[in-house]
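A.B. asks: Here is a sequence together with a model predicted from it:
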Amino acid sequence: MAGRAAGVVIGNRRGRPSGGAGAIICVLTVAVFSTAAARAETLPEALAKAYQTNPQLNAERARQRATDENVPQALSGYRPQIVASLSAGLQAVRNLLPDNTVQSATLKPWVIGVTVTQSLFNGFKTANSVRVAELQIQSGREALRNVGQGVLLDAVTAYTNVLANQSLVEAQRSNVAFLRETLSVTQRRLNAGDVTPTDTAQAEARLNRGLADLNAAEVALAVSQATYAQVVGEAPGQLRPAEPVERYLPRSREDAISMSIRENPAVMAASFDVDVASTTIRVAESSLLPSVTLQGSVSRSRDNDQTLGTFGTDQASILGNVNAPIYDGGMAASQTRQAKEVAAQSRLVLDQVRNQARTAATSAWVTNEGAKTAVRASESEVRAATVALQGVQREAQGGQRTTVDVLNSQADLIQAKARLIGAQRDRVIASYTLLSAVGRLDVKTLALNTPDYLPEVHYHQVRDAWHGLRTPSGQ
C-alpha cells in the first residue's frame with residue numbers, strides 16, 4: 001500500500017476525468033504512470049537546488065565567513081604593530097634680540113620616523129581572545145547547520161504542498177465532472193418524470209459547491225507554487241511522488257531524544273556559547289594584570305634655522321614598558337562581574353535549549369508515528385467510501401436511493417480522498433521533521449547530488465593571513 005499511497009501526493013495535469021465514480025479513484029493510478037513516463041523532478045533534486053541557491057542559507061554562510069575573521073583579528077595581538085610617521089610644513093619665526101632688533105625667518109622643518117611595538121605580555125588577553133574567537137566559529141558553524149536544516153525542511157514542505165495541492169486540484173476536477181454528469185442525468189430523469197425539481201436543485205447546488213472547492217484548490221496550488229519558487233529558487237515543474245526517509249530515522253523515542261541532545265545543532269551551538277562566555281571571563285580579568293611591551297623607533301628630522309647649532313637629528317631607541325593597573329575607576333572589575341553573569345545566563349540557555357530539543361524530538365517522533373496511522377486509516381476510508389458510492393449508485397438506479405444519497409456519498413468520497421492526500425503529505429513532512437529534530441537533516445545523510453558546503457575551508461584560508469584586502473576565492 002505504501003507505493004500506491006504515495007501516488008496520492010501527485011497531480012496529473014494531463015489527466016481528464018471520465019465523470020464516473022471509478023474515474024475519481026483512478027486519478028491516483030493514472031497520475032503515477034503518466035508522471036513516470038515524463039521527466040519529472042524528484043524531492044532530492046529540489047533539496048539540492050535549495051541547498052545551492054536559497055538566499056537565507058547563502059546569507060548565513062556569508063555571516064559565518066565574517067565570523068571566521070575574528071580569529072586573525074585576535075591573533076593580531078601576537079604580531080608587531082608598525083607605524084610610519086611623516087610631518088612637514090612651514091614655520092614662521094620672529095625673534096626679538098636684546099638690542100631691540102628683530103630677526104625673522106621662514107622654516108621648513110620635517111620629521112620622518114618608524115615605530116615598532118611588540119606586546120610581550122598582556123595578562124593572557126590575546127590567548128584567551130583567540131580561544132573565544134575559535135569557539136565563536138564553532139558556535140557559528142552549528143548555527144549555520146541549523147539554518148541549513150531549516151531550509152531543507154522548508155523545501156520538503158514546499159515540495160509536498162505542491163504535490164498535495166496538485167492532487168487536490170485533480171480530485172476536485174474529477175468531482176466537478178462527476179457532479180456535472182449527475183446533474184445532467186437528473187435533468188433527463190426530471191424530463192421523464194422520474195424525479196422532482198428538488199433533486200435537480202440539489203444536484204445543481206452540489207455542482208456549484210464543487211466549483212467553489214475547485215477554485216479554492218487552484219488558489220492553494222498557486223500559493224504553494226509561489227512558496228516553492230521562493231524556497232527552491234525556481235518554479236516547480238512536474239514533480240515525482242515524495243517518499244518518507246524512514247531508513248534514516250531513529251528506531252525508538254528514546255533513541256530520538258538521545259540523538260537530539262547529542263547532535264541537534266541548536267544544542268551544540270548553545271554548548272559552544274557556554275564555552276565562549278566562560279573564556280570571556282578570563283579576557284575581562286586580563287585588564288587587572290600587568291602588561292609588558294617592547295618598542296623600537298627610528299626617526300630623522302631636519303631644520304634650516306640658521307640660529308641653531310644643528311640642522312638635523314637622527315634618533316634610534318629601544319624601550320621596554322611595564323604597565324601595572326592600580327585603579328581604573330572600577331571598569332575592569334565591572335566587566336569581569338558582567339562576564340560571569342553572562343556565563344551563568346548561557347548555562348541556563350543551554351538547559352533551556354536541551355529541554356526544547358528533547359520536546360521537539362518527542363513531538364516529532366509521536367507525530368511521525370501518528371502520521372503512519374493516519375495514512376493507513378485514510379487509505380481504508382477511501383476504499384470503503386469508493387465501495388459505498390458504487391453501491392449507492394446501483395441502488396439509485398433501482399429506485400432504492402435518491403439523488404441526494406448519491407451526492408452525499410460522492411461528498412464523503414471526495415472528503416476521504418482529501419484527507420488521504422493530506423495524511424500522505426503530513427507523513428513525508430513528519431519524517432523529515434524527525435530527522436531534523438535529531439540533527440541529521442543534511443546533505444551527507446540524504447546523499448544529495450550537490451557538493452557539501454564546508455565552512456572550515458574559508459576558515460583555514462584566512463586564519464593565518466597577515467595582510468590582504470581581497471576575500472578568498474574559496475568557500
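C.D. replies: Cool, got the structure.
A.B. asks: Using the record's domain definitions, break the chain down for me.
C.D. replies: 2-77+145-247+358-462, 80-121+290-324 (automatic domain parsing).
A.B. asks: Now the last one: average pLDDT?
C.D. replies: This means domain 80-121+290-324. On average, the pLDDT along domain 80-121+290-324 is 86.
A.B. asks: how long is it from one end to the other?
C.D. replies: 21 Å (C-alpha to C-alpha, to the nearest Å).
A.B. asks: need the contact list for the closest residue to Arg300 other than its chain neighbours.
C.D. replies: Leaving aside its sequence neighbours, Arg300 sits nearest to Asp314 (C-beta to C-beta, 6 or more residues apart in numbering; 5.0 Å). Every C-beta, even on glycine, is put in place using the N, C-alpha and C of the backbone. Asp314 makes contact with Val298, Ser299, Arg300, according to C-beta atoms under 8 Å, 6 or more residues apart in numbering.
A.B. asks: which stretches of the stretch 151-300 of the chain form strands?
C.D. replies: Applying DSSP state E, counting those that start in this stretch to the stretch 151-300 of the chain gives strands spanning 291-302.
A.B. asks: can you map out the helices along it?
C.D. replies: 197-232, 253-263, 265-285 (DSSP state H, counting those that start in this stretch).
A.B. asks: elements contacting the shortest one?
C.D. replies: What it means is helix 253-263. Other helices and strands packing on helix 253-263, by 3 or more C-beta pairs under 8 Å, 6 or more residues apart in numbering; DSSP states H and E, are helix 331-397, helix 403-437.
A.B. asks: circling back to that earlier point, out of the domains of the chain, flag the one nearest Phe272.
C.D. replies: Closest approach to Phe272 among the domains of the chain (C-beta to C-beta): domain 2-77+145-247+358-462, 11.7 Å.
A.B. asks: Now do that closest one: distance to the chain's middle.
C.D. replies: 22 Å (C-alpha atoms, centre = their mean, to the nearest Å).
A.B. asks: Quick one: classify Gln118 as helix, strand or coil.
C.D. replies: When classified by DSSP: H, G, I helix; E, B strand; the rest coil, Gln118 comes out as strand.
A.B. asks: Tell me, how many residues neighbour it?
C.D. replies: Residues within reach of Gln118, counting by other C-beta atoms under 10 Å, total 14.
A.B. asks: before we move on, what about Glu369?
C.D. replies: 13.
A.B. asks: Val274 now?
C.D. replies: 19.
A.B. asks: Likewise for the one 5 residues further on?
C.D. replies: When neighbours are counted by other C-beta under 10 Å, Thr279 registers 21.
A.B. asks: Test my guess that it contacts Val130.
C.D. replies: No. Between Thr279 and Val130 there is no contact under C-beta atoms under 8 Å: 9.6 Å.
A.B. asks: sorry, back to before: of the helices of the stretch 151-300 of the chain, which stretch is the most buried?
C.D. replies: helix 265-285 (a mean of 21; mean count of other C-beta atoms under 10 Å).
A.B. asks: Other residues contacting that helix?
C.D. replies: 123-125, 128-129, 131-132, 135-136, 138-140, 142-143, 145-146, 149, 260-261, 332, 335-336, 338-340, 342-343, 345-347, 349-350, 353-354, 356-357, 439.
A.B. asks: again, only using 7 Å
C.D. replies: Helix 265-285 is contacted from outside by 124-125, 128-129, 131-132, 135-136, 138-139, 142-143, 145-146, 149, 261, 332, 335-336, 339-340, 342-343, 346-347, 349-350, 353-354, 357, 439, using C-beta atoms under 7 Å, 6 or more residues apart in numbering.
A.B. asks: on that earlier part again, need the three-state assignment for the residue nearest to Arg300.
C.D. replies: strand.
A.B. asks: center of the protein, which residue is that?
C.D. replies: Val147 (2.9 Å; C-alpha atoms, centre = their mean).
A.B. asks: in which helix or strand would I find that one?
C.D. replies: helix 125-191 (DSSP states H and E).
A.B. asks: same for that helix, what does it pack against?
C.D. replies: Under the contact criterion of 3 or more C-beta pairs under 7 Å, 6 or more residues apart in numbering; DSSP states H and E, helix 125-191 touches helix 21-37, helix 43-53, helix 55-68, helix 70-75, helix 197-232, helix 265-285, helix 403-437, helix 455-462.
A.B. asks: and these as TSV, adding distance to Ile326 and mean pLDDT?
C.D. replies: As requested, the helices and strands packed on helix 125-191 are exported to TSV (distance: least, C-beta to C-beta, whole Å; pLDDT from 0 to 100):
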stretch	distance to Ile326	mean pLDDT
helix 21-37	79	40
helix 43-53	56	95
helix 55-68	36	95
helix 70-75	27	95
helix 197-232	59	95
helix 265-285	16	97
helix 403-437	54	95
helix 455-462	39	93
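A.B. asks: could you redo these as CSV and give each row distance to Glu246?
C.D. replies: Converted to CSV, the helices and strands packed on helix 125-191 look like this (distance: least, C-beta to C-beta, whole Å):
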stretch, distance to Glu246
helix 21-37, 20
helix 43-53, 14
helix 55-68, 26
helix 70-75, 41
helix 197-232, 23
helix 265-285, 22
helix 403-437, 6
helix 455-462, 30
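A.B. asks: out of the domains of the chain, deepest packed?
C.D. replies: The highest mean neighbour count among the domains of the chain, using mean count of other C-beta under 10 Å, belongs to domain 2-77+145-247+358-462: a mean of 18.
A.B. asks: Could you pull up phi and psi at the residue of the chain most remote from its centre?
C.D. replies: Taking C-alpha atoms, centre = their mean as the measure, the residue most remote from the mean C-alpha position of the chain is Asp99, 85.9 Å away. Dihedral pair for Asp99: phi -90, psi 20, per degrees, to the nearest 10.
A.B. asks: mind checking which of the domains of the chain is nearest Gly468?
C.D. replies: Comparing those by C-beta to C-beta, domain 2-77+145-247+358-462 comes nearest, at 8.9 Å.
A.B. asks: hmm, back to that, relative to helix 253-263, how tilted is the helix holding Val147?
C.D. replies: Following axes from the mean of the first three to the mean of the last three C-alpha atoms, to 10 degrees, one obtains 140 degrees for the angle between helix 125-191 and helix 253-263.
A.B. asks: Give me the mean pLDDT for helix 125-191.
C.D. replies: Mean predicted lDDT for helix 125-191 stands at 95.
A.B. asks: do the same with stretch 356-368
C.D. replies: 97.
A.B. asks: From the chain's centroid, how far away is it?
C.D. replies: Worked out by C-alpha atoms, centre = their mean, stretch 356-368 lies 19 Å from the chain centre.
A.B. asks: Please apply the same query to stretch 343-362.
C.D. replies: 20 Å.
A.B. asks: Buried residues, it. List them.
C.D. replies: Counting neighbours by 16 or more other C-beta atoms under 10 Å, one finds that the buried residues in stretch 343-362 are Ala343, Ser346, Leu350, Val353, Arg354, Ala357, Arg358, Ala360, Ala361, Thr362.
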